[in-house]
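Asker: dropping the sequence and predicted coords here.
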Amino acid sequence: MHRSRILRALALLFAIALIASGCSGRDSEGSSSSSDGGSNSSDGGDNGGGEATGIDTSDCPDTDTAGIDGDTIVLASSFPQSGLTAAFAQISKGYKAYFDKLNADGGVEVAGKKYKIKVVDKDDEYNASKTVQNINEEVGADGTKAFAVFNVVGTANNVAIRESLDENCVPNLFAATGSPAWGNPDYPWLVGSTLAPYTLEAKAFADYLKENEPTAKVAMLVQDDDFGKAYEEGFKKAIEGTDITVADVATYPTGANEVASQITSLKASGADVFFNGATLLACPNALTEASADGWARKHTFVSGTCISKTLMGIATSTDPKSTDGVLATTNIKDPLNPAFADDEAMKEYLSVIDEYGADDVDPENGIVAYGYTQAAVLAYVLGQVDELSRSAVIDAVRSIDTEGLGLALDGVQIKMGADDPYLAENLQLIQYDSANQYFENVGDVIDFEGKTAELTPEDLING
Amino acid sequence: MDLFFDQVLNGVGTGVIYASVALALVIIYRTTGLLNFAQGEMALFSTFITYWFTEQGLGIVPALLASVVVSFVGGALIERILIRPVEGAANPLNVVIVTLGLFLAINALAQLIFIKPGQEALQMPPVFPKGDLVFGIRTATVGFAAVLVVECLLLYVLLQKTKIGLALRAVASNPESSRLVGINTGNMLMLGWGLAAALGAVAGTLAATRGSGFDSSLMQQVLVYAFAAAALGGFDSPLGAVVGGLVVGIADALTIQYIDALDGIELVVPFGLILVVLLVRPNGLFGRTIVERV
């Protein structure tokens, strides 16, 4: 009697712990619910003041050139290498191949001297508190070890480290998610990657509907956190003043794969367009459920986090109808798209991965191409500065203005400025061809350059 | 009304999976008096074994059967090698801690062995054809329900109509006396774990082939719901596990449809139900009250 009561109590406790761990889980390059409010850090006020582009370094410690070891620049990173989201580790395979090639060619020339690039990284299993620990170890509590932080995966993970990196004036370059929060002016040392903010994906789809389905009734499936909120609020803002309506929004708990009931509910709303903002397995499951339910739709849109070969592939092999004609957006060249077979950048990418990539790396995996592109952007920035220092590098990043780096699509500007805190904003609409299993480009690159702030609800940026 | 019916069917579709995992929990509880927290991850591992067999070229059904056999042996070995040494200890919590450790270890091991770097999700052919309907209900739902009925019947026959079943029940109710009448309690405990692992193989494989694919989180939410189902039905009642599983699945689906305020936290409904049931009937809907002589 007594014993079974203890066991039962334990069972409940365990169940609760499980839910908690499930909830803190994953969200594919997504965001998570931790936004510890706007910082009260020192820099806020003086920012727009004196220098036009340079950021205020008056409160910075005297470590502007830390992390340069002879002729080697040391970068620190942290990302999941085991556990459920271990697949994100493939991003690093892309940039490491790029850096290895660069180093083999003698290194990157910074202010007349050649430097090699070395990345030290640790596994954080997508757990933000582990990220803090890892970065602390790699960069040092006083910021004297690594020169900069590079491509940390996860929104909550970058949010967790931004305060201390900001205080120590360590550049946190190219946070690997599309959170609009990377435009928060309170954190000038943090810069997002070339992944366009999620709200712009929603805007691109809204614009597409305006043209092709001006009275669309849209049903949305979103994850129950900031990642989902970015799609929902971004889309609602984008359709203001149009005849497009949102018929229903269904959410699913972060970490859940099962969305059949949500799809039944969305179908019942009478919507004729489906905005599938789900990520990881929930995304292909939503597509196959919608198809199995016989939900007649005019258009379906999927999150940019769902366009991978694996996720679209498993939905397609389950039911080819479920993915055919599905729309999404991207800003890098898809290695699977035969249209890029003769593209110079693509040929270069494939040969670099072939020669320098790890044995188990799949060049057709889009996130490998994405990682490679981040490395190309960093190499470009380092080539621009007059002296190798943290402040010079962050200034160069924040005034970058170029295009055609790595596998970035032609026409996608990589551009920042005093009023433009986002690295890449232009997007290409793409459409899935389920017979040939790749995304085809639709129309021209959409110009959102410099417009994220105006197209994004403010609380998503500064919240 | 159609919508209501559709959602109930969605609930049944997931409920049968919760029920079959709950059934495995009940089997171990009935034979050993333990809650096996590693049940979900054992089922995950078995699912990967099914997957491995399909990768070797077996069809999904032979692969599943092979996995059931391997899992049965594996479950028995886990009992023999990992559980038994701590079972003699005075404190039953020791074993619980071991199952918690297994929960983490098996998940990590499964990922290490079966998932290739960069693989976000795995896929194997469905056990029941997708897209076909039986009386307007998806084949998968009907098929899963049929599997569940067969499992229940087999268990009933095994536990109630055979000598081994009698021995199993005897060991669960009084290990000391069973030993005195010549029952090999050790073997019976191994058998209980083996059975639970075999049931897990079926549940996991069905769950994994229900949607488009699966990953290493397959059983984590399922286990939470399965515990809810078992608590609701009573930890010692196979029938309770099945009813509990269906109730929890249906309650979840209806919450998603009709209660917008609980969007994203649908889990509070099954847990609310458990709370109410346990307040009224502390042993669950179908559980027996244990009377102990003092």
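Answerer: Thanks, I have it.
Asker: isn't A:N172 up against A:V152?
Answerer: Yes - A:N172 is in contact with A:V152 according to CB atoms under 8 Å; the separation is 7.0 Å. Placement of C-beta: from N, CA and C, glycine included.
Asker: what is in contact with these two at once?
Answerer: A:N158, A:I161 (CB atoms under 8 Å, 6 or more residues apart in numbering or on different chains).
Asker: these two: which is more packed in?
Answerer: A:V152 (29 against 26; other CB atoms under 10 Å in any protein chain shown).
Asker: now the more buried one: how far from A:N103?
Answerer: 22 Å (CB to CB, to the nearest Å).
Asker: also B:A198?
Answerer: Taken as CB to CB, the span from B:A198 to A:N103 is 53 Å.
Asker: these two: who's more crowded?
Answerer: For B:A198 and A:N103, the more surrounded residue by other CB under 10 Å is B:A198, and the numbers stand at 24 against 17.
Asker: ok, now which ones touch that one?
Answerer: B:V68, B:V69, B:S71, B:F72, B:G75.
Asker: which of those sits closest to chain A?
Answerer: B:G75 (19.6 Å; CB to the nearest CB).
Asker: for whichever residue of the stretch 301-450 of chain A sits closest to chain B, which non-adjacent residue is closest in space?
Answerer: Among the residues of the stretch 301-450 of chain A, A:I314 lies closest to chain B, at 3.9 Å counting by CB to the nearest CB. Among residues not flanking A:I314 along the chain, B:G213 sits closest, at 3.9 Å (CB to CB, 6 or more residues apart in numbering or on different chains).
Asker: check that neighbour and give its pLDDT.
Answerer: Model confidence at B:G213, given as pLDDT, is 91.
Asker: wait, it sits on B:Q123?
Answerer: Yes - with contact defined as CB under 8 Å, B:G213 counts as touching B:Q123 (4.2 Å).
Asker: those two - which one has more neighbours?
Answerer: Neighbour count, other CB under 10 Å: between B:G213 and B:Q123, B:G213 has more, with 25 against 20.
Asker: check contacts around that one.
Answerer: Taking CB under 8 Å, 6+ apart as the test, what B:G213 contacts is A:L281, A:P284, A:N285, A:I314, A:T318, B:A121, B:L122, B:Q123.
Asker: picking up where we left off before, now do the shared contacts for B:G213 and B:Q123.
Answerer: With CB under 8 Å, 6+ apart, B:G213 and B:Q123 have common neighbours A:I314, A:T318.
Asker: of the contacts of B:G213 - the most surrounded one?
Answerer: A:P284 (33 neighbours).
Asker: does that one really touch A:A315, like I thought?
Answerer: Yes - in this structure A:P284 lies within contact range of A:A315 using CB under 8 Å: 3.5 Å.
Asker: overlap of the contact sets of those two?
Answerer: Common neighbours of A:P284 and A:A315 (CB under 8 Å, 6+ apart) are A:S322, B:S212.
Asker: quick one: buried residues of stretch A:413-433?
Answerer: Buried residues in stretch A:413-433, counted by 16 or more other CB atoms under 10 Å in any protein chain shown: A:413-416, A:420-430, A:432-433.
Asker: got the CA positions of it in PDB?
Answerer: Only the C-alpha atoms of stretch A:413-433 are listed here, as PDB (Å, rounded to 0.1, in the frame of the first residue of the first chain):
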ATOM      1  CA  GLN A 413      22.400  41.500 -50.500                       C
ATOM      2  CA  ILE A 414      24.600  40.900 -47.400                       C
ATOM      3  CA  LYS A 415      24.200  44.300 -46.000                       C
ATOM      4  CA  MET A 416      24.100  46.000 -42.600                       C
ATOM      5  CA  GLY A 417      24.200  49.600 -41.500                       C
ATOM      6  CA  ALA A 418      23.500  51.900 -38.600                       C
ATOM      7  CA  ASP A 419      19.800  51.500 -39.100                       C
ATOM      8  CA  ASP A 420      19.900  48.000 -40.500                       C
ATOM      9  CA  PRO A 421      20.900  45.300 -37.900                       C
ATOM     10  CA  TYR A 422      20.100  42.300 -40.100                       C
ATOM     11  CA  LEU A 423      22.700  40.600 -42.200                       C
ATOM     12  CA  ALA A 424      20.600  39.200 -45.100                       C
ATOM     13  CA  GLU A 425      16.900  39.900 -45.700                       C
ATOM     14  CA  ASN A 426      16.100  39.300 -49.300                       C
ATOM     15  CA  LEU A 427      14.300  36.000 -50.000                       C
ATOM     16  CA  GLN A 428      13.600  33.800 -52.900                       C
ATOM     17  CA  LEU A 429      10.200  32.100 -53.100                       C
ATOM     18  CA  ILE A 430      10.600  28.400 -53.900                       C
ATOM     19  CA  GLN A 431       8.200  25.600 -54.700                       C
ATOM     20  CA  TYR A 432       8.600  21.800 -54.200                       C
ATOM     21  CA  ASP A 433       8.600  19.400 -57.100                       C
END
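Asker: is that stretch up against chain B anywhere?
Answerer: No - figure legend: stretch A:413-433 not in contact with chain B (CB under 8 Å from any CB of the partner chain); closest approach 14.3 Å.
Asker: can you give me the strands for the stretch 101-250 of chain B?
Answerer: Using DSSP state E, counting those that start in this stretch, the strands of the stretch 101-250 of chain B run over residues B:133-134, B:137-138.
Asker: what about A:T373, which SS state?
Answerer: helix (DSSP: H, G, I helix; E, B strand; the rest coil).
Asker: from the buried residues of stretch A:413-433, which land in strands?
Answerer: Secondary structure assignment by DSSP state E places A:Q413, A:I414, A:K415, A:L427, A:Q428, A:L429, A:I430, A:Y432, A:D433 of the buried residues of stretch A:413-433 in strands.
Asker: B:L262: neighbour count?
Answerer: For B:L262, using other CB under 10 Å, the count is 14.
Asker: and B:K163, by the same measure?
Answerer: Neighbours of B:K163 using other CB under 10 Å come to 8.
Asker: ok, and the closest non-adjacent residue to residue 228?
Answerer: Reading this off chain A. In space, A:G228 is closest to A:V222, 3.2 Å off (CB to CB, 6+ apart).
Asker: please refer instead to chain B.
Answerer: Here the residue nearest B:A228, using CB to CB, 6+ apart, is B:P270, at 4.3 Å.
Asker: secondary structure element for that neighbour, which one?
Answerer: Assigned by DSSP states H and E, B:P270 belongs to helix B:268-280.
Asker: residues contacting that helix, please?
Answerer: Contacts of helix B:268-280 (CB under 8 Å, 6+ apart): A:8, A:12, A:15, B:225, B:228-229, B:231-232, B:247-248, B:251-252, B:255, B:259, B:262, B:284-285.
Asker: hmm, who's touching the helix or strand harbouring A:S78?
Answerer: In this structure, A:S78 sits in strand A:72-79 according to DSSP H and E. Strand A:72-79 has contacts (CB under 8 Å, 6+ apart) with A:67-68, A:88-89, A:91-92, A:110, A:115-124, A:126, A:130-131, A:134-135, A:138-139, A:145-154, A:157, A:176, A:382, A:388.
Asker: coming back round to it: turn the ones in strands among the buried residues of stretch A:413-433 into JSON lines, columns for pLDDT.
Answerer: Below are these laid out as JSON lines (pLDDT from 0 to 100):
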{"residue": "A:Q413", "pLDDT": "95"}
{"residue": "A:I414", "pLDDT": "95"}
{"residue": "A:K415", "pLDDT": "95"}
{"residue": "A:L427", "pLDDT": "96"}
{"residue": "A:Q428", "pLDDT": "96"}
{"residue": "A:L429", "pLDDT": "96"}
{"residue": "A:I430", "pLDDT": "96"}
{"residue": "A:Y432", "pLDDT": "96"}
{"residue": "A:D433", "pLDDT": "96"}
